[in-house]
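Asker: model this:
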Amino acid sequence: MNLAMKTLASVVAMSLLLSALPAQAYYGLHSQEAELKFEGEADLALKEGVTLEELNSKGETGNSAQAQIEFQLQHLMGAMQSEYFKKGLDFKYKGIIGTHKPIVFKTIGPGKGRGRKHVTYNYDGIAIFEKDLFHGDGGRLHQVPILLPLQADKIYKISNRSGGNYCMEKGEPDPNYFWYYWDLARVWGDSVKHACPLKEDFENGGVTVIKKVGTAKGLANTEKTCPQYGKLYGKDTVKISLFYGYVAWLHKHGKPNYTDENYKNMQKFEEKVLEKEWGFAQDKTASHDNFRSGDFSKKGNNRYHVWKKKVTYQGREIQLIVYILLADTDLKSTDKTFHQFIKPALEDSDLLAYDGHAGTGANLSLNSALLGFPILKKNKYQVFFFNGCYTYPYFNKMYFDAKGGTANMELITSGQETGTDASVKNMRAFLEPFVNPRTRNGLDYQSILSRLEHTVPSADKTYLYGVSGDEEKDKGCD
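Answerer: Just a heads-up that it's a prediction; the model follows:
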């Protein structure tokens, strides 16, 4: 398996491929789902004599071709966040691709060299964009530029130079993340000698990177949808799990990193919001500091705190229990505390929020052996908030498939990079409607998403927060 295909396997948790377009509802204050279509082309590593029929089959050749296009499409995800996409292609709207139908190959011909074939194909999928793209007219087709490497498996090597890969961020040497960081406008410092070489080739008629024009047709946002408060508070105890992932990469796990942004964010949230504002009390006998490997007796960098509060909902007393863990959430971490805590939390929590690195989808993958293959209970109502970078394309299909649909789940995700400077406000905006329940007329999702987006720093404008699966399941917000 070559480097490109290893990379594909490592980020397969993106779950971009599906057999049909998703039916779940969606709402975002500044974002809107759209059907994105375009005609693509690629130069693929394929055996001699392969036919178009084989490419569109589910056999070994067809699966290989689909996987190679999937890897090519990952580069579109990176391209859409790049400076060149905004300025070089003059597309000012933030966006991110989501799930898509199986690729339909249209033509096949000789490729660039032995064992390669040039193919064209049709792409039909779901994406989210800033609402401003549609100007209130989502039903009309709007043009979207598409930027892709022709040979996705060779693009890193083609663009690499002796001093480094100038198309990536300086200090990011890992070729496995080229698809995520590549930017034709990238320059290291102010020297043209350290500029991404793909830009000159592209602007002078080269075909190393290709541009296509796609069309986006906006899909209607939901208008008045609510969390299922009746289901949430239909029992005596509501379990709330909050996970903070260390922002800085950890090489040792012997003691906490007191300067880490999420160490400080967890501390601020507990002291200023949970305790002082909301009146939770810490269960100190169940709380533990400075441990590792899931073993409270071993000195380490993890913090696990339990907080409790009783509330009244429609005349009934409800016990709220908040479980908060700060840990290294990198799936490859030698400290397995997060791995041990996340599985039961995903399976048993009523509300769950994650604030940390998404790991290109791997850190919360239900398909991960390292996480013990969490199994979601289909009849248990749950609301999850995944506050990491670009969580929209990673988790919607995976979690709704595991849940058996949207009847007992809503997901709040992001469509952009999220910052740690707004973490405390983000977490407060998500949880406040649930920890202080109203007897009647609880907050609808449109209000919750509005509050969430208003916590985003003005410089970032929007994280493209959105809730998926928020069909009108109950009348009103009681």
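Asker: Helices of this structure, start to end?
Answerer: 3-10, 52-55, 60-79, 83, 155-159, 178-181, 197-203, 229-232, 261-268, 337-348, 391-403, 423-435, 445-453 (DSSP state H).
Asker: got a markdown table for these, with distance to Q24 too?
Answerer: Where C-beta positions appear, they are placed from N, C-alpha and C, glycine not excepted. Shown next, in a markdown table, are these (distance: least, CB to CB, whole Å):
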| stretch | distance to Q24 |
| --- | --- |
| helix 3-10 | 26 |
| helix 52-55 | 30 |
| helix 60-79 | 20 |
| helix 83 | 33 |
| helix 155-159 | 34 |
| helix 178-181 | 26 |
| helix 197-203 | 37 |
| helix 229-232 | 17 |
| helix 261-268 | 30 |
| helix 337-348 | 19 |
| helix 391-403 | 6 |
| helix 423-435 | 19 |
| helix 445-453 | 13 |
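Asker: among the ones you listed, which gets the worst mean confidence?
Answerer: Mean pLDDT values for the helices of the chain show the minimum at helix 3-10, a mean of 38.
Asker: List the buried residues of stretch 401-412.
Answerer: Within stretch 401-412, the residues scored as buried using 16 or more other CB atoms under 10 Å are 402-403, 406, 408-412.
Asker: Repeat that for stretch 233-241.
Answerer: Across stretch 233-241, burial judged by 16+ other CB under 10 Å covers 233, 238-241.
Asker: Could you do stretch 80-87 as well?
Answerer: Buried, per 16+ other CB under 10 Å, within stretch 80-87: 80-82, 84-85.
Asker: And the contacts of that stretch?
Answerer: If you take CB atoms under 8 Å, 6 or more residues apart in numbering as the criterion, stretch 80-87 is touched by 79, 91-92, 95-97, 145, 147, 182-186, 199, 416-417.
Asker: Look up how far Y463 lies from the closest residue in space to K92 that isn't next to it in sequence.
Answerer: Excluding its sequence neighbours, the residue lying closest to K92 (CB to CB, 6 or more residues apart in numbering) is K86, at 6.0 Å. Distance, K86 to Y463, by CB to CB, to the nearest Å: 16 Å.
Asker: again, but for L364
Answerer: For L364, the distance to Y463 - CB to CB - is 17 Å.
Asker: ok, now V456?
Answerer: With distances taken as CB to CB, V456 is found 5 Å from Y463.
Asker: out of the buried residues of stretch 80-87, which one sits closest to I318?
Answerer: If you rank the buried residues of stretch 80-87 by distance to I318 using CB to CB, Q81 comes first, at 41.5 Å.
Asker: Quickly note the distance from the closest one to Q151.
Answerer: Going from Q81 to Q151 by CB to CB gives 22 Å.
Asker: ok, back up a step: tell me which of the contacts of stretch 80-87 fall in strands.
Answerer: Using DSSP state E, the members of these that fall in strands are 95-97, 145, 147.
Asker: filter these to the buried ones?
Answerer: 95-97, 145, 147.
Asker: Just give me the closest of those to N257.
Answerer: The nearest member of those to N257, counting by CB to CB, is I96 at 30.0 Å.
Asker: nearest spatial neighbour of the closest one, skipping sequence neighbours?
Answerer: That would be G415: by CB to CB, 6+ apart, it lies 4.5 Å from I96.
Asker: next one: W249
Answerer: Per CB to CB, 6+ apart, closest to W249 is D330, 7.1 Å.
Asker: residues in contact with the one you found?
Answerer: Counting by CB under 8 Å, 6+ apart, D330 makes contact with 245, 249-250, 357, 359, 363.
Asker: again with A79
Answerer: Contacts of A79 (CB under 8 Å, 6+ apart): 85, 147-148, 182-183.
Asker: Between the two ends of stretch 254-268, how far is it?
Answerer: Start-to-end span of stretch 254-268 (CA to CA, to the nearest Å) is 23 Å.
Asker: ok, back up a step: between V456 and Y463, which is the more surrounded one?
Answerer: Shown here are V456 and Y463; by other CB atoms under 10 Å, Y463 has more neighbours (29 against 24).
Asker: residues contacting the residue nearest the centre of the chain?
Answerer: The centroid of the chain falls nearest to T391 when counting by CA atoms, centre = their mean (1.3 Å). Counting by CB under 8 Å, 6+ apart, T391 makes contact with 358, 413-414.
Asker: Arrange those in a markdown table, one row each, with pLDDT as further columns.
Answerer: Converted to a markdown table, the contacts of T391 look like this (pLDDT from 0 to 100):
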| residue | pLDDT |
| --- | --- |
| A358 | 90 |
| T413 | 96 |
| S414 | 95 |
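Asker: Tell me where the protein is predicted with low confidence.
Answerer: Low-confidence segments of the chain (pLDDT under 70): 1-23, 138, 439-440, 473-476, 478.
Asker: Repeat the analysis, applying 50 as the threshold.
Answerer: By pLDDT under 50, the low-scoring segments of the chain are 1-14, 19-22.
Asker: Look through it and tell me its longest strand.
Answerer: In the chain, taking DSSP E as the definition, the longest strand is strand 295-313.
Asker: Show me what counts as buried in stretch 351-369.
Answerer: 351-366, 368.
Asker: ok, now stretch 292-306?
Answerer: For stretch 292-306, burial by neighbour count (16+ other CB under 10 Å) applies to 292-294, 300-306.
Asker: just curious, which of the residues you listed is nearest to K170?
Answerer: Closest approach to K170 among the buried residues of stretch 292-306 (CB to CB): N301, at 28.1 Å.
Asker: what about that closest one, distance to S287?
Answerer: 16 Å.
Asker: and if you look at V207?
Answerer: To S287, V207 is 59 Å away according to CB to CB.
Asker: do H30 as well
Answerer: Applying CB to CB, the value for H30 to S287 is 38 Å.
Asker: Which of those two has more residues huddled nearby?
Answerer: Each of H30 and S287 has its neighbours counted (other CB under 10 Å); H30 has more, 21 against 15.
Asker: Is that one in contact with L464, as I believe?
Answerer: Yes - H30 lies in contact with L464 (CB atoms under 8 Å); the separation is 6.5 Å.
Asker: Give the residues shared as contacts by the two.
Answerer: In contact with both H30 and L464: E130, using CB under 8 Å, 6+ apart.
Asker: re the thing from before, which of the contacts of T391 fall within strands?
Answerer: Short answer: those in strands (DSSP E) are T413.
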